[in-house]
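*Asks:* missing the sequence, but the structure's below:
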């Protein structure tokens, strides 16, 4: 029993220290310049006067040997952030050398800032700036968003989703036009007995429709229709479709 207590005491002695709570912004690494620190402090004090909620920023070199989550909880409890009975404190911890960030929220703010929202704030507002070496900008942007959330403002739509949608859109329209080209060939064969103008319109409708369905873009649908229309006007040589039936089968080269 004595040995266990001694081990526990030794481990406690080795934990990363929690600095005294002397300001709404504590930076033991010297990362934040005076102007940024003053701006963050004014923002936190204005929030506390306006809403009563307490926003605390802590920048340290490392939380080792603890994980940042354990360290943040320990700091939150030691500093007693937030009003008693309301528990509306919020702690933003940056362990610079560990490259780790943590947002610890009191029970009174969990409705305004749930875990999923905290993760978004970190990934969208802090991580990109931190990777560029702009720690002050990342902390300033994230704390500004957190203040707005406490004030009841909604979080903007995910930035990452916008980027992924743009990337997906850039590849889907090419695929949509490729499929429209294939559909146009099939439609031209189906309507090969119709007059050329009518065949062009029918082929345009089929190709344009599939291009629009795949890409969800009117412009791509129009391009697909244009491709289909001109392909529909071209008269097919007799017997060509029968000769092409071996495409994709076993004839000519083996599969797999």
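*Replies:* Okay, I see it. Only a predicted model underlies this, so the values are computations on that prediction, with no experimental measurement involved.

*Asks:* where along the stretch 1-150 of the chain do the helices fall?
*Replies:* 2-14, 34-51, 68-79, 115-121, 127-131, 135-150 (DSSP state H, counting those that start in this stretch).

*Asks:* who's in contact with the residue lying closest to residue 74 once chain neighbours are set aside?
*Replies:* Here the nearest residue to residue 74 in space, its sequence neighbours aside, is residue 18; by Cβ to Cβ, 6 or more residues apart in numbering that works out to 6.5 Å. Placement of C-beta: from N, CA and C, glycine included. Contacts for residue 18 (Cβ atoms under 8 Å, 6 or more residues apart in numbering) come out as 71, 74-75, 78-79.

*Asks:* how far away is residue 18 from residue 220?
*Replies:* 57 Å (Cβ to Cβ, to the nearest Å).

*Asks:* what's the closest of the helices of the stretch 1-150 of the chain to residue 233?
*Replies:* helix 127-131 (50.8 Å; Cβ to Cβ).

*Asks:* other SSEs contacting that closest one?
*Replies:* helix 135-150 (3 or more Cβ pairs under 8 Å, 6 or more residues apart in numbering; DSSP states H and E).

*Asks:* tell me the angle of the helix it packs on relative to helix 34-51?
*Replies:* 10 degrees (axes from the mean of the first three to the mean of the last three Cα atoms, to 10 degrees).

*Asks:* show me what counts as buried in stretch 207-225.
*Replies:* 207-212, 214-215, 217, 220-221, 223-225 (16 or more other Cβ atoms under 10 Å).

*Asks:* what of stretch 46-59?
*Replies:* Those would be 47-48, 53-59, for stretch 46-59 by 16+ other Cβ under 10 Å.

*Asks:* and the two most separated of the buried residues of stretch 207-225?
*Replies:* Spatial extent of those (Cβ to Cβ) is set by the pair 207 and 217 at 14.3 Å.

*Asks:* picking up where we left off before, top of the contacts of residue 18 by neighbour count?
*Replies:* Greatest neighbour count in these, by other Cβ atoms under 10 Å, goes to residue 71: 25 neighbours.

*Asks:* under the pLDDT cut-off, which ranges of the stretch 101-250 of the chain? List them.
*Replies:* Along the stretch 101-250 of the chain, segments meeting pLDDT under 70 span 159-172, 215-216, 235-250.

*Asks:* compute the first-to-last residue distance for stretch 58-76.
*Replies:* 11 Å (Cα to Cα, to the nearest Å).

*Asks:* look up how far residue 49 lies from the residue nearest to residue 21 when sequence neighbours are not counted.
*Replies:* Excluding its sequence neighbours, the residue lying closest to residue 21 (Cβ to Cβ, 6+ apart) is residue 79, at 4.7 Å. As judged by Cβ to Cβ, residue 79 and residue 49 stand 19 Å apart.
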